[in-house]
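1. give me a model of this one.
(one chain, ligands or ions: 2)
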Amino acid sequence: MNNRKIIEGALACPVCGAALSLTDDGKSAACGGKKRHLFDFAAGGYINLYTSRASGGDSGECIAARNAFLAKGYYKKISDEINLLLDKYAGAGARVLDAGCGEGYYTGRMAASGKTAFGFDLSKSGVNIASKAAKRSGLPAFFGVASVFALPVLSGSMDAVTTIFAPCAEEEYARVLKQGGILLLAGAGKEHLIDLKKAVYESAYENEGRRDLPTEKFELLEEKRVTYGIELASGEDIENLFAMTPYFYRTSQKDKEKLKEFSSLFTKIDVELFIYKKK
Ligand SMILES: C[S@@+](CC[C@H](N)C(=O)[O-])C[C@H]1O[C@@H](n2cnc3c(N)ncnc32)[C@H](O)[C@@H]1O
Ligand SMILES: [Zn+2]
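-> Ligands and ions are numbered 1, 2, ... in the order given. Okay, the predicted model is just below:
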C-alpha cells in the first residue's frame, strides 16, 4: 500500500473540514468538499495544513539540537514506556496522533512498534525532519504542519492522542478521539534534569509538573513515573540537551557558558506520564 494512503479516513481539510484523500498521482491530498481544496506533499513528504499566517513552533536551532540528542538514545526508555502504555490501553495496531511531535522521535518509534502514526507540529523544520525519516524507513507515519488547537483531522478518527512535552489542547484532542479513546500526556517530573540545572544555576528549583492536565472531557486511568539516570557522554550532548529545554531561552549567556566546562555529566531523568480515557 502507498504509505500516503494512511491519510484517508483520518485527515480533514483545514479550510472546509471535509475528508481529505490522496489524489490519483499520489502527489497531493484533495478534499471532498465543493471547492476541492488541494494540498501538495512537500519534497520531504509532509503536508503544510496550517492555514493561519502566524508562524510559530520551535526554532530550527532547537529542533536540530533535539534531533541530534534524541538520536543518541538517551530518552529511549521514555519512548519505550509510552509505546507499552499505548499497547496496553489503545492496542498494538492503534491509530495514534502525536500532537506537538517536534522532529518525530517518539512518533517514528510508535510507527516502528506497529501503530499507524500521525504527527503534527507548528515547526516546519521539525515536521520536515520527521517525515524524511518516515520516508526512509517506510513506516506508516504521516506528518503535517498544523496547530494542535485546530487539527486537520476528522472527528472521532483516532484511537489515541499523545502530547509529549507539548501543549494540551483538551477540547481538540477530545474531538479527534473516538469514544473511549486514550490521551497520554508526558511532562517533566520534579527532578527532571535536576543535575543539569545545578550545573548552570546557583539555585536549581524542582519542576512544578504539568499545569495543563485535562479537567472535563477525560478521566484519569493511570499515572506512571519514569526515572533513571543518564551519563551525557560529550560536551555536544550536554549542550544539545540544554538547548532543547525551556530553560535555554531563559538563561543568560554567562550561565550557559558554564556548561562548556563539562565533557561529561550525569543527570537524573524524571518524567511523568498521565493516561486518560475520553469520557
Ligand atoms: C518541547 S517540544 C516537544 C517535541 C516532541 N514532542 C518531543 O518531546 O521531542 C514542544 C513542541 O510543541 C510544538 N508546539 C508548540 N505549540 C504548538 C501548537 N500550538 N501546535 C503545534 N505544535 C506546537 C513546538 O514546535 C515543539 O516542537
Ligand atoms: Zn476543503
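2. which residues touch the closest residue to residue 28 other than its chain neighbours?
-> Closest residue to residue 28 apart from its sequence neighbours, by Cβ to Cβ, 6 or more residues apart in numbering: residue 40 at 4.7 Å. All C-beta atoms are positioned from the backbone trio N, CA, C, and that covers glycine. Under the criterion of Cβ atoms under 8 Å, 6 or more residues apart in numbering, the neighbours of residue 40 are 27-28, 47.
3. low-confidence regions, the stretch 1-150 of the chain specifically.
-> Residues of the stretch 1-150 of the chain meeting the criterion pLDDT under 70: 1-2.
4. near ligand 1, which residues of it show up?
-> 57-58, 66, 100-102, 105, 121-123, 126, 147-149 (Cβ under 6 Å from any ligand atom).
5. out of those, which are buried?
-> Buried residues within these, counting neighbours by 16 or more other Cβ atoms under 10 Å: 57-58, 66, 100-102, 105, 121-123, 126, 147-148.
6. tabulate the residues you listed (a markdown table), appending secondary structure.
-> Output for those, formatted as a markdown table (DSSP: H, G, I helix; E, B strand; the rest coil):
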| residue | secondary structure |
| --- | --- |
| 57 | coil |
| 58 | coil |
| 66 | helix |
| 100 | coil |
| 101 | coil |
| 102 | coil |
| 105 | helix |
| 121 | strand |
| 122 | coil |
| 123 | coil |
| 126 | helix |
| 147 | coil |
| 148 | coil |
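7. what is the nearest of these to residue 82?
-> Here the nearest of those to residue 82, counting by Cβ to Cβ, is residue 105; it sits at 10.7 Å.
8. apart from its neighbours in sequence, what residue is nearest that closest one?
-> residue 70 (4.1 Å).
9. neighbours of that neighbour, how many?
-> Neighbour count for residue 70, taken as other Cβ atoms under 10 Å: 23.
10. ok, residue 109 next?
-> When neighbours are defined as other Cβ under 10 Å, residue 109 has 21 of them.
11. before we move on, what about residue 167?
-> 13.
12. which of the contacts of residue 40 are buried? Put it as a PyMOL command.
-> Buried members of the contacts of residue 40, defined by 16+ other Cβ under 10 Å, are picked up in PyMOL with:
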select buried, resi 28+47
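13. of all the contacts of residue 40, which comes closest to ligand 1?
-> When these are ranked by distance to ligand 1 (Cβ to the nearest ligand atom), residue 47 comes first, at 14.5 Å.
14. and the one helix or strand residue 182 maps to, average pLDDT?
-> Per DSSP states H and E, residue 182 falls inside strand 177-188. Across strand 177-188, pLDDT averages out at 98.
15. chain center to it: distance?
-> 13 Å (Cα atoms, centre = their mean, to the nearest Å).
16. please state the offset of the helix or strand that comes right after it from the chain centre?
-> Using DSSP H and E, the helix or strand that directly follows strand 177-188 along the chain is helix 194-200. Distance of helix 194-200 from the chain centroid (Cα atoms, centre = their mean) equals 25 Å.
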